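In: Output the structure for:
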Amino acid sequence: MRDALVIRHVAFEDLGTLGNLLSHSNYRTHYTEAGRQALPDDKLQSTDLLVILGGPISATDENDYPFLHELHASIARRINANGPTLGLCLGAQIIARSLGAAVYTAKSKEIGWSTLELTAAGQNSCLCHLDNVPVLHWHGETFDLPEGAEHLASTPACMNQAFSIGDHLLGLQFHPEVTAVGLESWYIGHTLELSQAGIDIPNLRYDSRQYAPSLRTAADSMFAEWLDN
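Out: The predicted structure is shown next:
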């Protein structure tokens with residue numbers, strides 16, 4: 001068995017479908033609740049896999065959320081040592097900032113389902129499984145690519161949707177892990193954001209029920225290939 005340390009920022013944004021895949025791939029998953037539980041550097045460095053999940057804060061909010069200071073430093077050390085690391089949405093932004101790249105407010109929020117535009121590198125990566133598959137976008141910030149990163153995907157609203165560094169780091173701005181049932185908690189927990197963005201929840205729920213099953217199949221293949229490498 002291998003260990004996967006998972007940094008979670010809000011309870012309802014969990015591993016989703018990735019949890020089952022990790023279990024079937026002989027990983028023991030250990031959640032650490034950001035801001036509530038210590039994030040010891042030795043565990044961050046020694047775990048077989050580090051997963052940083054999404055959340056409603058900003059990767060630049062170190063003054064409001066002091067745990068981010070130590071987290072940025074620990075992630076930079078881990079990545080420089082080629083420690084396998086996966087970031088989803090906020091997680092990708094945290095990785096980018098940890099490696100010295102800028103994180104900033106996007107021109108517009110991107111909330112809803114749409115396909116990715118894969119780069120040539122993306123077509124030759126594990127993201128090829130997501131080609132023409134609608135994925136869920138839910139973010140108001142974006143980031144510049146870290147030095148040495150390979151650009152994998154974009155959308156018209158967001159240039160940097162995915163990047164990798166070698167075989168050991170994958171940062172995804174979108175959410176490949178979600179399920180239609182799990183998103184019901186998101187609609188409740190993020191109701192203010194949805195209202196302010198003018199998002200119609202019944203329409204978003206309808207799209208999620210339409211697209212989440214095919215995303216699960218594609219995401220399982222994508223994650224499995226990345227883990228194998």
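In: all contacts plus neighbour counts: C-alpha atoms, from now on.
Out: Fine.
In: can you tell me which strand in this protein is longest?
Out: Looking across the chain with DSSP state E, the single longest strand is strand 103-114.
In: hmm, who's touching that strand?
Out: 59-60, 93, 96-97, 133-144, 157-158, 197, 199, 204, 207-208, 211 (Cα atoms under 8 Å, 6 or more residues apart in numbering).
In: Identify each of the strands in the chain and give its residue range.
Out: Listed in chain order (using DSSP E), the strands of the chain are 2-8, 27-33, 49-52, 85-88, 103-114, 117-118, 135-143, 150-155, 158-165, 169-172.
In: Just want the most central residue of this structure.
Out: Taking Cα atoms, centre = their mean as the criterion, Leu88 is the residue nearest the geometric centre of the chain, at 0.4 Å.
In: Leu170 versus that one, what's the distance?
Out: As defined by Cα to Cα, to the nearest Å, Leu88 lies at a distance of 9 Å from Leu170.
In: With adjacent residues omitted, what lies nearest to Ala197?
Out: For Ala197, the nearest residue in space outside its immediate sequence neighbours is Lys109; the separation is 7.3 Å by Cα to Cα, 6 or more residues apart in numbering.
In: whoops, Leu15 was the one
Out: In space, not counting the residues next to it along the chain, Leu15 is nearest to Glu177; the distance is 6.4 Å by Cα to Cα, 6+ apart.
In: any residues in contact with both of Leu88 and Leu170?
Out: Once Cα under 8 Å, 6+ apart is applied, it turns out that Leu88 and Leu170 contact no residue in common.
In: where in the chain is pLDDT low?
Out: Across the chain, nothing is flagged by pLDDT under 70.
In: Pull out the buried residues from the longest helix seen in it.
Out: Scanning the chain for the helix with the most residues, using DSSP state H, yields helix 201-228. Counting neighbours by 16 or more other Cα atoms under 10 Å, one finds that the buried residues in helix 201-228 are 204-205, 207-208, 211-212, 215-216, 218-224, 226-227.
In: Could you do stretch 31-45 as well?
Out: Of the residues in stretch 31-45, those scored as buried under the neighbour-count criterion (16+ other Cα under 10 Å) are 31-32, 34, 39, 44-45.
In: One more: stretch 85-102?
Out: Neighbour-count burial for stretch 85-102, counted by 16+ other Cα under 10 Å, picks out 85-99, 101-102.
In: I'd like the distance between Phe163 and Glu70.
Out: Phe163 sits at a distance of 23 Å from Glu70 (criterion: Cα to Cα).
In: Between those two, tell me which one has more neighbours.
Out: Taking Phe163 and Glu70 together and counting by other Cα atoms under 10 Å, Phe163 has the greater number of neighbours (25 against 14).
In: Do I have it right that the more buried one meets Glu147?
Out: No. Assessed by Cα atoms under 8 Å, Phe163 is found out of contact with Glu147, at 10.9 Å.
In: Endpoints of stretch 181-199, how far apart?
Out: One end of stretch 181-199 sits 18 Å from the other (Cα to Cα).
In: brain fart, stretch 188-207
Out: The first and last residues of stretch 188-207 sit 17 Å apart, counting by Cα to Cα.
In: Let's see which of the buried residues of stretch 85-102 end up in helices.
Out: 90-98.
In: May I see these arranged in a markdown table, with distance to Glu193 as well?
Out: Rendered in a markdown table, the data for these read as follows (distance: Cα to Cα, whole Å):
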| residue | distance to Glu193 |
| --- | --- |
| Leu90 | 15 |
| Gly91 | 19 |
| Ala92 | 20 |
| Gln93 | 19 |
| Ile94 | 21 |
| Ile95 | 24 |
| Ala96 | 24 |
| Arg97 | 23 |
| Ser98 | 26 |
